[in-house]
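kindly generate the corresponding structure for this input.
(2 chains)
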Amino acid sequence: MTIVRSLLARREALLVLACLLLLAAITARFPAFSTPKNLAGVFNDTSILIMMALGQSAVILTKSIDLSVAANVALTGMTVAMLNHLVPGLPVVVLILVAIGMGMLLGAINGFLVWWLDIPAIVVTLGTMTIFRGLAFVESGGAWVNAHEMSPAFLELPRTLILGLPVLSWTGLVAIVLATLLFTRTGLGRAFYATGGNAVAAVYAGIDIGKTRFLAFVLSGTVAGLCGYFWVSRYAVAYVDVASGFELDTIAACVIGGVSTIGGVGTVGGVVLGALFLGIIKNALPVIGISPFWQMAISGAIIITAVVINARGERVKGRVILRRKELPL
Amino acid sequence: MNAMPSTDTPTTEPILKMTGISKTFPGVKALSDVALELRPGHVTALIGENGAGKSTLVKILTGIYQPDGGNIEIDGKKVDLPTAEAAQDLGITAIHQETVLFDELTVAENIYIGHQPRNRYGLIDWAAMHARAAAILHGIDAPISTRTRLKDLSIAQRHLVAIARALSIDARIVIMDEPTAALSYKEVEELFGIIDRLKKAGKAILFISHKFEEVWQICEYFAVFRDGRQVGAGRLDEVSHNDLVKLMVGRDVTQAFPKLPAEIGDVVLKVDGYCHPTEFDQVSLELRRGEILGLYGLVGAGRSEFCQALFGVTHPSAGTVTLSGKPITVRSPSDAIDAGIVYVPEERGRHGAITAMSIVSNISLPSLKVTSRRNFLRMAEEFDLARKYAERLDLRAASLSQPVGTLSGGNQQKVVIGKWLATLPKVIILDEPTKGIDIGSKAAVHAFMSQLAVEGLAVIMVSSEIPEILGMSDRVIVMREGRMAGVFEREGLTPEALVRAATGNKEAAA
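Reported below is the predicted structural model:
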């Protein structure tokens, strides 16, 4: 019993178990789902979510939230697609750098507003979310950039195979490694945890919490910018409503992965597993033949379950504090 | 002053009588066998050091805590106060230090929250509520519209609303817990005007204050608490200021907290003319190796604010800091830590540990530059650092990877102190190092501070506890209302001198 409980206490273990059970249930009816080739496909499909959820988790760790990431994808995606259409000779590397730079800038705007104006992140990014999408509409005039208007190199890169895996999957894997290094082995990563865990204590320990939050937003924006390119080239189309509502998926992946919405708690492994869990469900439900509306309901139920588990973890700590405060019995 | 003792006034019968009240918290005896009487139409001052049990008594009177034993009588009848509501029904109300009101609600709603007038359908009767609130405010000469939101009022006006609320429940016993702490001189005068009116209306008032001159101005009776006991009570006109100070401090304390003899070395820290626009003015000090400098004063005297500015949390408007002979500029805590000044804040729970993080990460947090190589943290070095200080501080934990939140309070403190020692500071500022911990742990903290001084650290200790200041400090600076009110050497320092400097009673100081 204690073993089970300590296992359940590790969110990663719980998620691996949940993913395996889910795969087993699906495989029971559709054995083809669990072939290595299909699973690699699921991972490739989920790579964008993994990367953006990692960026989002940095922001949530600092006790903030970034609602503008999906709009960032739409704006940078539209920008590089139009650039590719207008200047077909531009190398893809330049376009990727543009996407990264632009995403970084959009993230810096969020971070700047949160840092200097001291406005709650949810309000700032709710505003910039609308602005970014609005800008995507302004620059495109509401028009679509379709596959035939994009250069072959622009479209090919994400699916180019290296050692049997597409570039998109490799980027996802590299992102996981880099995030692990950043979160566990650098002062900035530690500052993310400290800022969200106890902002006052972080200040006293010499951490500039405003700058830390700013950098978290820059990171989240940069990743979103890169994903803006991947999104339009992978789906071979750019329009204003690209990735609509995807910011909620990134937040959901974090919450399912055990990132505390009040900051300071979460791991890269948890976030990746949270994203994969959502990815498996998204890929499997159509196979099983469940309608998209049920899919939304099921995703929602899972998110609430995860939040309940998170909240239970946090409540235990609360009791300890109460005992120390010597409240009347 | 040679007023005749007013023995001609017949002593009024007390409306409230508390006898034999005791209250124990796990590990701490907060009140033992305490008595208190309040008389209608009179103000009784409740005086005592921090931790003397005043707040606990207020909480018992307002039904928040239940006493372990003793009697409470109102009008000669024994009563129980099981809940805050019961206390309110019996006409007891408290106006707290930080007034507990609702910013987003209107003045009338604040006054009547919890007992709104109802119409015959059981709905809130807004017209009656505003009319009655306006009448009460008029009665205390408070020109405040009942429809104003509370957040638009000044602190003094909020106090008036709190008083109006007390009157709205037809209170007969009004408790004022340091009501003047946040008020300006003029606002205090206005408050005293209101207290006079409450007196004339026959209310019994319990007035808790650290400021002796106020006590003398407004109160007729007094009760002094010390270490959870009532050590004296009676009519104020029968005692002197010095009598009260003696009652309040009243013990032979110098032996209780022995500072080990430490070699006092060169000047490490020199602060000259430190000023802040709102918190403190012209503070200067010199601190030597091996020295413990006590910083004494009443709550709100600007001691913590001064130390926080020294540490870079806030920014001074003028003044210079010299560390080991070199002038330094501290713009942020990170600058201070790099220079060798660290600050262990008062509320270690809120300001000290990051409870969700591991012991290792907490201890290494201000020292990450030391444990990194080429910008990457080295876990082995972090563990070494944490292990070293965990051993030195005798930290009890199953594993150093354990989150700090799972440790006991005492061990959490050790993590916080270890975190600062690991930065190898030259100057360590301890803000109320023993506030709210039991006697055994206090002794351990004091021994540890002594040890730090012996090892050559320079220590600034902010404390509101006179025995601690007298026992531990080589020198004491007293602050009052943001200014230095005196510098004292250890030899021949008396509690009375400290209290006089801190309360600023000129008559008694002469």
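
who are the contact partners of residue 195?
Let's take chain A. Residues touching residue A:195, when contacts are defined by CB atoms under 8 Å, 6 or more residues apart in numbering or on different chains, comprise A:61, A:62, A:63, A:202, A:207, A:209, A:212, A:213, A:263, A:264. C-betas here are computed from N, CA, C, even on glycine.

wrong chain, I was asking about chain B
Taking CB under 8 Å, 6+ apart as the definition of contact, the neighbours of residue B:195 are B:43, B:176, B:205, B:207, B:218.

now do 10 Å
Contacts of residue B:195 were listed using CB atoms under 10 Å, 6 or more residues apart in numbering or on different chains, and they are B:43, B:163, B:174, B:176, B:179, B:203, B:205, B:207, B:217, B:218, B:219.

before we move on, which element is the closest residue to residue B:157 other than its chain neighbours in?
When the adjacent residues along the chain are set aside, residue B:157 lies closest to residue B:144, with 5.7 Å between them (CB to CB, 6 or more residues apart in numbering or on different chains). Under DSSP states H and E, no helix or strand contains residue B:144.

close enough to count as contact, residue B:144 and residue B:134?
Yes: using CB atoms under 10 Å, residue B:144 is in contact with residue B:134, at 9.1 Å.

more neighbours: the two, which one.
Ranked by neighbour count (other CB atoms under 10 Å in any protein chain shown), residue B:144 and residue B:134 place residue B:144 first, with 22 against 19.

leaving out the residues flanking it, which one is nearest to the residue of the stretch 1-150 of chain A found nearest chain B?
Here the stretch 1-150 of chain A gets closest to chain B at one residue, residue A:61, 10.2 Å apart by CB to the nearest CB. The shortest distance from residue A:61 to any residue other than its chain neighbours is 4.3 Å, reached at residue A:192 (CB to CB, 6+ apart).

list the contacts of the one you found.
With CB under 10 Å, 6+ apart as the criterion, the residues that contact residue A:192 are A:57-63, A:182-183, A:186, A:202, A:207, A:212-213, A:215-216, A:219, A:263-264, A:266.

OK, contacts around residue B:187?
Residues in contact with residue B:187 (CB under 10 Å, 6+ apart) are B:154, B:155, B:156, B:157, B:159, B:160, B:179, B:180.

of the residues you listed, which is the most crowded?
With neighbours defined as other CB under 10 Å, the most crowded of the contacts of residue B:187 is residue B:179; it has 26 neighbours.

the spatially most central residue of chain B: what secondary structure?
Central residue of chain B (CA atoms, centre = their mean): residue B:299, 4.9 Å from the mean position. State at residue B:299, reduced to three classes by DSSP: H, G, I helix; E, B strand; the rest coil: coil.

which residue is the nearest non-sequential neighbour of it?
residue B:464 (6.4 Å).

how about the strands in the stretch 401-510 of chain B?
In order along the chain, the stretch 401-510 of chain B carries the following strands (DSSP state E, counting those that start in this stretch): B:427-431, B:458-462, B:475-480, B:483-489.

redo these as TSV? Include distance to chain A and mean neighbour count.
As requested, the strands of the stretch 401-510 of chain B are exported to TSV (distance: least, CB to the nearest CB, whole Å; neighbours: other CB atoms under 10 Å in any protein chain shown):
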stretch	distance to chain A	mean neighbour count
strand B:427-431	11	25
strand B:458-462	15	26
strand B:475-480	21	22
strand B:483-489	25	17
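
residue in the stretch 51-200 of chain A with the shortest distance to chain B?
Taking CB to the nearest CB, the stretch 51-200 of chain A has residue A:197 as its residue nearest chain B, at 3.9 Å.

rewinding a little: strands - which of the contacts of residue A:192 land there?
If you go by DSSP state E, the contacts of residue A:192 have nothing in strands.

out of these, list just those in helices.
Secondary structure from DSSP state H places A:57-61, A:182-183, A:202, A:212-213, A:215-216, A:219 of the contacts of residue A:192 in helices.

just among those residues, which is most surrounded?
residue A:59 (34 neighbours).

need the contact list for that one.
Residue A:59 makes contacts with A:65-67, A:69, A:107, A:110-111, A:114, A:121, A:125, A:192, A:196, A:213, A:215-221, A:250-251, A:254, A:259, A:263, as judged by CB under 10 Å, 6+ apart.

what do you get for residue B:375?
Going by CB under 10 Å, 6+ apart, the list of residues near residue B:375 reads A:185, A:186, A:187, A:188, B:368, B:369.

tell me which element the last one falls in.
In other words, residue B:369. The secondary structure element spanning residue B:369 is helix B:368-371 (assigned by DSSP H and E).

enumerate the residues of the stretch 51-200 of chain A near chain B.
By CB under 10 Å from any CB of the partner chain, the residues of the stretch 51-200 of chain A that approach chain B are A:181, A:184-191, A:193-200.

where does the most centrally placed residue in chain A fall, secondary structure wise?
The residue at the geometric middle of chain A, judged as the C-alpha nearest the mean C-alpha position with CA atoms, centre = their mean, is residue A:53 (1.5 Å). Taking DSSP H and E as the criterion, the element that holds residue A:53 is helix A:36-61.

again with residue B:234
strand B:229-235.

what comes up buried for that strand?
The neighbour-count check on strand B:229-235 (16 or more other CB atoms under 10 Å in any protein chain shown) flags B:229, B:230, B:231, B:232, B:233, B:235 as buried.
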